[in-house]
Structures are given as C-alpha cells and as structure tokens.
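# pasting a predicted model and its sequence here:
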Amino acid sequence: MRACFEKPRRTLTLTLSRRTGRGGKKGFTLTELLVSLILLVLFFSAAGELFKSTILLSSGSQELSNRASQIDSALFQLRRDVWNSVQIAAAGPRSVDLSSPDGTKTAWRIDLGSLTRTDAGGQTERWESVGDDWSFSTDGVSLTISDAASAPTRLASQILLAEKGTSMISERGHP
Amino acid sequence: MILRRRRDSGFAMITAIFLMSFTVMTLTVLMATIAAQSRRAQILGQDAQLRQLLTAGAVFADAKLQSNSSGRFSVPLPEALRQLDAELTVEIQTPADEKTTAEIEASLPHYHVSQRLTLSRQEDHWRITDATLGQ
C-alpha cells in the first residue's frame, strides 16, 4: 500500500497490463487490439508512401539530371554550328540546315523523338529523347528553338550578326 | 515489467528511426536536385553573358581593324560587369595578305569562353569569314 502511494504511475500500468481474461490468462481487450491494428496500418501506409516518394524522387531526379545533360550537350553542339554559320535555312519547324564558311552543310532534324545532327561527311550524332516538343525558326541571323515548357532559346551566328551590323551601319550612311 | 517497457520503447524507437531516415533521405535527394538545378541555371546565365561579351569583342575587333590597329587590347566594360569581375580581351594579329585572325576571350571568375575569328579584307572593309567558338 505504501509502495502504491510512492509510485502511483507504476501501479496504474500494473493494473492495465494485468488484465485477465477467461481462465485467468493475461490478454488484451478487443478495443486495444483494434487500436493497435489501426495504428500499425497507419504507420505502415505512411512508411510505404514515404518510401515510394523517396524512390520516385530519387529516380526522377536522376532522370532529370540525365535529360538536362543531354539537352546541354545537344545545345552546345548546335550553338557551335550556328555560331559559325553563313546561312541558316529552316526547311520546317523540325529541320534546319546550317552552312559553314567552307561551303559544307550540317543538317539538324527532329524525328521519332530524337534530335539528330548529320555533318557534311555523313556522320550522324543522335540525342535520344531530346527535342520532342522543339520547333525551329529563323530570322536569318539566328536560330530560335521554341518549346511548350520554357521561353524560346535564341542561338546567334557570329558571322551573320557581324554582317547585319555592318549593313546597318552602311544603311545609316557611315562607312 | 521493466523488460516489457524496454521492448515497447525499442519498437517505437526503431519505428521512429525508420521514418526519420526515410524523411532525411527524401530531403537530401530533394536538396541535391534543387542545388543541381540552381547551379545549372547559374552556369547557363554566365554562359549567355559571356557569349554576349564575345559578340561585343567581335565588334571591337572589327572597329580596331578598320582603323588599322592590331595587338592585344582589354575592352572597357560597363560598371555593372566590372563589379562582377568580368574581363574581355581581344588579340588581333598583324594582317598579312589581306587576312588576319582575332582571339577574343571573355571571362568571369572561375569561368571563361573564347572565340577565334578569321577576317579578310574585302573592298574597303574587314569581314568575318570564320568564327570558331572555343571553351
């Protein structure tokens, strides 16, 4: 009795855990079992969702990184080609021909979900899953790449830009 | 009784550790993705800025050649770019046989791009006949 007064909490726990059923065996009530079952289900579903999110986020992040890397690589090459072009001819929204100063042509095409570059020697370079929603257009000096998701990207030709600058100066009457 | 209490708290601790490790893992992946995208956007922005400087360098080289100047020049930049420690240098070779080359280099801290221009004299002015973008 004295011990009960000194440690009331332990006494309460003892009382709850010593619940006895039929035949004097220790056990749990149906309510306790249901509550614990519900808690377990809640925990496992939360843990499952969290696990799924982690896996999806991880793979999505990897995919995004790979895709960004592919796009950067394609744009790097396309920018180099456009930079040294003396003529930019867009045959359509999915195709553009770039003429270099030595007279050779490089063709860029978007077909079957990939972007391909074919140089004058017939060598083809392909970027899979790049350019699905791209479209090409040109104003004669630069190549504009448009897509539904982001602002258009403009790649300028240094040679054509300089020529345009020179002609604009000439038009204004300055030699 | 004490053993049972310990076993119960052990289960709760394992549960908590599991949930916390999942959360930490998710947050880490999320932060890494955001950091990578932010870094990429920063690099693309710097790259665009440097290409604009290369174009300005080409105009500068053309102007120098029209006045028969050659050599290495540091192009004066606007205050906003100077504050970013941007630099633009143009090196024009002495013309020979009505042809010359100009090396243009634009740089920001830890990042630079360059281009090599080939120019030829046609009629009374210089024209860019080749422009090769470097790194």
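It's in.
# kindly export stretch A:143-158 (C-alpha atoms) in PDB.
Backbone C-alpha positions of stretch A:143-158 (Å, rounded to 0.1, in the frame of the first residue of the first chain) are rendered in PDB as follows:
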ATOM      1  CA  LEU A 143      18.100  30.200 -84.900                       C
ATOM      2  CA  THR A 144      15.200  30.200 -82.400                       C
ATOM      3  CA  ILE A 145      14.200  27.000 -80.600                       C
ATOM      4  CA  SER A 146      10.800  27.100 -79.100                       C
ATOM      5  CA  ASP A 147       9.000  24.600 -76.900                       C
ATOM      6  CA  ALA A 148       5.900  24.500 -74.900                       C
ATOM      7  CA  ALA A 149       7.500  24.400 -71.500                       C
ATOM      8  CA  SER A 150      10.000  27.300 -71.500                       C
ATOM      9  CA  ALA A 151      11.000  30.600 -73.100                       C
ATOM     10  CA  PRO A 152      12.500  30.300 -76.600                       C
ATOM     11  CA  THR A 153      16.200  29.900 -76.900                       C
ATOM     12  CA  ARG A 154      18.000  32.000 -79.500                       C
ATOM     13  CA  LEU A 155      21.300  30.900 -81.000                       C
ATOM     14  CA  ALA A 156      23.000  33.600 -83.000                       C
ATOM     15  CA  SER A 157      25.500  33.300 -85.800                       C
ATOM     16  CA  GLN A 158      28.600  35.500 -85.200                       C
END
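# starting at the chain centroid, how far to it?
Computed by C-alpha atoms, centre = their mean, to the nearest Å, the chain-centroid distance of stretch A:143-158 equals 19 Å.
# and it, does that touch chain B?
Yes. Against chain B, stretch A:143-158 shows contacts by C-beta under 8 Å from any C-beta of the partner chain at A:156-158. C-beta: built from backbone N, CA, C; applies to glycine.
# inside strands: which ones of the residues you listed?
A:Ala156 (DSSP state E).
# which one of the residues of stretch A:143-158 next to chain B is nearest chain B?
Nearest to chain B out of these is A:Gln158 (C-beta to the nearest C-beta; 3.8 Å).
# element containing B:Val24?
According to DSSP states H and E, B:Val24 maps onto helix B:2-66.
# re the thing from before, for B:Ala80, state which of the residues of stretch A:143-158 next to chain B is nearest.
B:Ala80 lies nearest to A:Ala156 out of those, by C-beta to C-beta, at 21.5 Å.
# for chain B, which strand is longest?
Looking across chain B with DSSP E, the single longest strand is strand B:111-122.
# ok and it relative to helix B:2-66, angle-wise?
20 degrees (axes from the mean of the first three to the mean of the last three C-alpha atoms, to 10 degrees).
# which secondary structure elements does the helix or strand following the helix holding B:Val24 contact?
Using DSSP H and E, the helix or strand that follows helix B:2-66 in sequence is strand B:71-74. Packing partners of strand B:71-74 (3 or more C-beta pairs under 8 Å, 6 or more residues apart in numbering or on different chains; DSSP states H and E): strand B:87-92.
# helices or strands up against the strand it packs on?
Using 3+ C-beta pairs under 8 Å, 6+ apart, strand B:87-92 sits against helix B:2-66, strand B:71-74, strand B:99-108.
# what residues does it touch?
B:53, B:56-57, B:60-61, B:64-65, B:69-75, B:77, B:100-107 (C-beta atoms under 8 Å, 6 or more residues apart in numbering or on different chains).
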